[in-house]
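Enquirer: Provided below for reference: sequence and predicted model.
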Amino acid sequence: MSTPTSEVGNVVNYGKVSIYRFVIEMLTWVVPALLMLAGIFAGLHMFLAGEEAFGTSDLVPWGLLIAGYVLLAVTCSGLCMVSSLGHVLGLKKLDVLGQRAVLLAITVLVSGFAVLAVELGHPLRMIYVMISPNFASGIWWMGTIYGIYLVALIIELAAWQLGRYKLGQTMAIVTLALAIAATSNLGSVFGLVNARPFWAGAYYPVYVLLTAVMSGIATLVILSWFLQRNDKGYQGDRYRSAIALLTKALGIFVVLTGVMTFWKITASLYGGVPATQLAALTLVNGSLAVPFWLFEVGAGMIFPLAAIVFSKSQRINYSLAAAVSTIVGVIFMRYDMVVAGQKVSTDALSGESAVSLAGYLPSSGEVLVLIGAIGFIISVYRISERFLKLDH
């Protein structure tokens, strides 16, 4: 009589597991949707309230939303560059992510444009910028190239979906070139601002390009981890092979980013330019020290590298931890980059002895808009995956 009882118990347990999985599945749909709605309402409020809803000021005109736009735009570029390199270099292990990477890149870039529209205060201003060209403006080139890039991504995805593989491969090369151009140009928007010595120079175009690939790789590791959980067969093995390759690449780019960050801070501290030194000090031991050391360096570089080395790129749960930690670090990396360059007041730039550092704290609306953008990305990607055939 004990055996039937045991079997009944097992049936009940399986039923509980099914309910648990159903609840988790629903949460993965409901939570991102709620985050997206919160972001939409916050964005509408900021449109109506104007500058009062922002934490920015005349001294710090660029805040969290600019950092968020940079984060999303360059992550889109990184996704595309990794995906396109898989086609261009013949890396077959990345083929399984090809269309999904393009779809995710489109979704991320659209959310980036939405965040930028909120920061500008009016969506039509983005259209006006594109139809009133100023060829001497890096911002105009950034918006124009990213606009063309979005169209190219859509064409590439449509080509793969329609079975036009030759066109898809051609567009992969086109989008790779546009991704490099758009990302390096975005970095030049900071590098060409001579009024902000901490930004000025050739560092940021290269730095943004490098970290774009890093964030793209980390995002694809996270995506592959979730996909392999739902497929224990051949396709799941392909995702796991992609994770192993991407994890090794992630380790390389984390090291390169760490080296660049070290020399940027070192050159700023000892380069003899007071304004640049002061900006670097806000990161080293000033108001931005916690986000810099704990999140940008700790979460974004030290922890991912330790997890990758410890796992030897074979334990995918360690790869997931490294990728998630990298993304957290990149978020603060963008924030530190944008805010640190504006911290030094105009007093320091004019050479006056009394120097003050500008203050900035993101408003709740800015935070909600960025969170809503993440909810939008997850929601739209999951809906699109239901209707598109992404495995051929």
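Expert: Cool, the structure landed. Just so it is clear, the structure is predicted and the values come from calculations on it, not from any experiment.
Enquirer: which ones are touching Leu153?
Expert: In this structure, Leu153 makes contact with Cys80, Val102, Ala105, Ile106, Leu109, Thr175, judged by Cβ atoms under 8 Å, 6 or more residues apart in numbering. (C-beta placed from N, C-alpha, C; glycine too.)
Enquirer: cutoff 7 Å now
Expert: Counting by Cβ atoms under 7 Å, 6 or more residues apart in numbering, Leu153 touches Cys80, Val102, Ala105, Ile106, Thr175.
Enquirer: go on, Pro205?
Expert: By Cβ under 7 Å, 6+ apart, the contact set of Pro205 is Ser184, Gly187, Ser188, Gly191.
Enquirer: Provide a list of residues in contact with the second one.
Expert: By Cβ under 7 Å, 6+ apart, the residues touching Gly187 are Tyr204, Pro205, Tyr207, Val208, Leu209.
Enquirer: go with 10 Å
Expert: Contact analysis of Gly187 by Cβ atoms under 10 Å, 6 or more residues apart in numbering lists 70, 74, 138, 142, 199, 202-212, 337.
Enquirer: And stretch 363-381, what's buried?
Expert: 363, 365-381 (16 or more other Cβ atoms under 10 Å).
Enquirer: let me redo that: stretch 287-300
Expert: Under the neighbour-count criterion of 16+ other Cβ under 10 Å, stretch 287-300 has Ser287, Leu288, Pro291, Phe292, Phe295, Glu296, Val297, Gly298, Ala299, Gly300 buried.
Enquirer: His87 against Val174, yeah?
Expert: No. Applying Cβ atoms under 10 Å as the test, His87 and Val174 come out as separate, 11.3 Å apart.
Enquirer: Comparing these two, which shows the higher neighbour count?
Expert: His87 (20 against 17; other Cβ atoms under 10 Å).
Enquirer: ok, now how distant is the closest residue to Leu320 other than its chain neighbours from Thr170?
Expert: Excluding its sequence neighbours, the residue lying closest to Leu320 (Cβ to Cβ, 6 or more residues apart in numbering) is Trp225, at 4.5 Å. Distance, Trp225 to Thr170, using Cβ to Cβ, to the nearest Å: 31 Å.
Enquirer: Looking at those two, which one has more neighbours?
Expert: Trp225 (19 against 15).
Enquirer: Which helix or strand in this protein has the lowest average pLDDT?
Expert: Scoring the helices and strands of the chain by mean pLDDT, DSSP states H and E places helix 346-349 at the bottom, with a mean of 55.
Enquirer: next helix or strand past that one?
Expert: Going down the chain from helix 346-349, the next helix or strand is helix 364-387, by DSSP states H and E.
Enquirer: Secondary structure and distance to Leu388 added to the contacts of Pro205, as JSON lines?
Expert: As requested, the contacts of Pro205 are arranged in JSON lines below (DSSP: H, G, I helix; E, B strand; the rest coil; distance: Cβ to Cβ, whole Å):
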{"residue": "Ser184", "secondary structure": "helix", "distance to Leu388": "30"}
{"residue": "Gly187", "secondary structure": "helix", "distance to Leu388": "32"}
{"residue": "Ser188", "secondary structure": "helix", "distance to Leu388": "35"}
{"residue": "Gly191", "secondary structure": "helix", "distance to Leu388": "38"}
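Enquirer: Determine which two of those residues are furthest apart.
Expert: By the measure Cβ to Cβ, Ser184 and Gly191 form the most distant pair in the contacts of Pro205, at 9.4 Å.
Enquirer: Between these two, point out the one with more neighbours.
Expert: Gly191 (22 against 18).
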